[in-house]
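Undergrad: Quick one: sequence and predicted model below, then my questions.
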Amino acid sequence: MLSGISPWSILLILIIVVVLFGTKKLRNVGADLGAAMKSFKKSSREESSNSKTIDDDNQNKNS
């Protein structure tokens, strides 16, 4: 017997979620999640570039 979720089960779950929450609410949640991910990526890139700049400054001072 196959284990896991069948495509029909996934479709049924999606239909139930849409009926419970509505498309407008789901769209807002998706937009908020996307904005949060974009902000996280931006801050992690800034942190990475800041730490690289600090490392470069420390190497220049030690030379």
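TA: In hand now; what should we look at?
Undergrad: Tell me which residues of the helix or strand hosting residue 16 come out buried.
TA: Taking DSSP states H and E as the definition, one finds residue 16 inside helix 7-21. Residues of helix 7-21 classed as buried: none (neighbour count, 16 or more other Cβ atoms under 10 Å). Placement of C-beta: from N, CA and C, glycine included.
Undergrad: right, and the helix or strand after it?
TA: helix 23-62.
Undergrad: What helices and strands are in contact with the helix holding residue 16?
TA: Using 3 or more Cβ pairs under 8 Å, 6 or more residues apart in numbering; DSSP states H and E, the elements in contact with helix 7-21 are helix 23-62.
Undergrad: Could you report the pLDDT at the most centrally placed residue in the chain?
TA: With distances taken as Cα atoms, centre = their mean, residue 37 lies nearest the centre of the chain, 4.0 Å away. Listed pLDDT for residue 37 reads 95.
Undergrad: what do you get for residue 32?
TA: 95.
Undergrad: just residue 44 next, same as before
TA: 87.
Undergrad: cool, residue 56 as well?
TA: 61.
Undergrad: Run through the residues that contact residue 21.
TA: By Cβ atoms under 8 Å, 6 or more residues apart in numbering, the contact list for residue 21 reads residue 29.
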